[in-house]
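S.K.: how would this look folded up:
(one chain, ligands or ions: 1)
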Amino acid sequence: MATEIRMEKLRCAFGQTIAVDDISMTFPAESVTCLLGPSGCGKTTLMRMLAGLQDPTSGEIYFGDQRVTDMTPSERNIGMVFQYPVVYRGTTLFQSVELPLTRDKSVSKEERKRRVEDILEQLNLTHVAHEDVTTLDNATRQKAAVARAVARQPQIILFDEPITNVDVAAKVQLKRALKGLVKQHSQTIIYVTHDQTEAMTLADEIALMDNGKIVQRGKPRDIYNNPNNRFGGWFLGNPGMNFVEHTIVNHDGGQHLGAPLFRQPIPLQAVHGLSNVVVGIRPERVNLGEETPAAVKGVILRSSLVIGGQYLVSLKIGSTMIKAKTTRNDLPPPGESVWVTCPLEDVKLFTPAGERIDMK
Ligand code: ATP
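M.R.: Here you go, the predicted model:
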């Protein structure tokens, strides 16, 4: 049975720097939670506290019902895979995966052999099983580290940027291998990364971190489509969401949105007390080309072909700059104008302080 991880007001300060700021949250059992956030947001510190490698300044950690806050890493009985795999000289890949299992007296020799063979096969490592680990390339060593952690079958495995230091081709292979593994084993996995593509493809849930706090947790698509705040809109996506400040206009006795992104006044609810809102829209949701009743004119500044055969177009609407992504290849050249529509269903509103306003 896998174990959930519960944090209660978990905090870690280094002098004036608050690396982890009173996090209270439960990471669900038997699922992959990716801790995603920019460099310095506190991911590694949080992970190290879960592993028992860093003492919290305050707060508690529970694995299931068990309080583990004061336990050593080995007492916590978890698997860990780090950015730089530990390599034991003079051991074969098979031996290095088997080693942690030999310490577990409840596992028979036959069972041990079976588990190691199974995991090596799953990770496509059988052909190098009897090579000295020091002779293997980076990606293979990292796979070996994954195999070591998984073969022990701990209830919780922590991964800290395990595929950052391997080349692109090996990254794809490792990602595929990890995905296959986490599907087969019902462990609770916490996976730290600053790479959103990695998080989007691997996670059951993403816990988005900023400035020592988890600002949103949810399914990758939900967070992408409905960021709680500007940070989530900006951090996810390549490029992130466009944000354009709008002054709320009073029109016909109600509050409305108007220029620069909308030609006709759009009635607003739920923004009482605000004189300004920030309109957020993802580049791929901005429609270019067709003249619609809501369309405004934008001047194309730049257009470049990006991954997926789309064009990334920079536009100026009045003095406002936005980005759009489109598959249209019949757009006019830079310097000329184009109709720009921001469909209301794809628009998110934020307060000037950056919190999402739910539109009715
Ligand atoms: P990265 O992706 O760059 O590793 P991160 O999100 O993992 O970043 P942390 O490494 O947890 O972030 O760091 C969070 C903050 O705590 C940073 O400001 C960092 O400088 C600080 N910090 C981390 N470890 C220590 C330490 N041992 N002593 C002092 N400050 C630290």
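
S.K.: all contacts plus neighbour counts: C-alpha atoms, from now on.
M.R.: Will do.

S.K.: Residue 138: neighbouring residues, count only.
M.R.: 18 (other C-alpha atoms under 10 Å).

S.K.: and if you look at the one 3 residues further on?
M.R.: The number of residues packed around residue 141, counting by other C-alpha under 10 Å, is 20.

S.K.: Could you give the backbone dihedrals for it?
M.R.: With angles defined as degrees, to the nearest 10, residue 141 sits at phi -60, psi -40.

S.K.: In the stretch 51-200 of the chain, which residue sits nearest the ligand?
M.R.: residue 194 (6.1 Å; C-alpha to the nearest ligand atom).

S.K.: check contacts around that residue.
M.R.: With contact taken as C-alpha atoms under 8 Å, 6 or more residues apart in numbering, residue 194 is in contact with 36-39, 161.

S.K.: Rank those residues by pLDDT and give me only the lowest.
M.R.: Among these, residue 161 carries the weakest pLDDT, at 89.

S.K.: So that residue sits against residue 190, correct?
M.R.: No. Using C-alpha atoms under 8 Å, residue 161 makes no contact with residue 190, being 10.6 Å away.

S.K.: count of neighbours near the spatially closest residue to residue 349 that is not a sequence neighbour?
M.R.: Distance criterion C-alpha to C-alpha, 6 or more residues apart in numbering; nearest residue to residue 349, sequence neighbours excluded, is residue 279 at 4.8 Å. A total of 22 residues lie near residue 279 under the criterion other C-alpha under 10 Å.

S.K.: Residue 112 too?
M.R.: By other C-alpha under 10 Å, 20 other residues sit near residue 112.

S.K.: Tell me where the chain has helices.
M.R.: Remark: helices assigned in the chain by DSSP state H are 43-51, 73-76, 93-102, 109-122, 138-151, 168-184, 196-202, 220-225, 230-235.

S.K.: Run the angle between the third one and helix 109-122 for me.
M.R.: Using axes from the mean of the first three to the mean of the last three C-alpha atoms, to 10 degrees, the interaxial angle of helix 93-102 with respect to helix 109-122 works out to 130 degrees.

S.K.: what comes into contact with helix 93-102?
M.R.: For helix 93-102, contacts defined as C-alpha under 8 Å, 6+ apart pick out 88, 107, 112-113, 116, 128-133, 144-145, 147-149, 151-152.

S.K.: other SSEs contacting the lowest-mean-pLDDT helix or strand in the chain?
M.R.: Among the helices and strands of the chain, helix 168-184 carries the lowest confidence by mean pLDDT, DSSP states H and E, at a mean of 77. If contacts are counted by 3 or more C-alpha pairs under 8 Å, 6 or more residues apart in numbering; DSSP states H and E, helix 168-184 sits against helix 138-151, helix 196-202.
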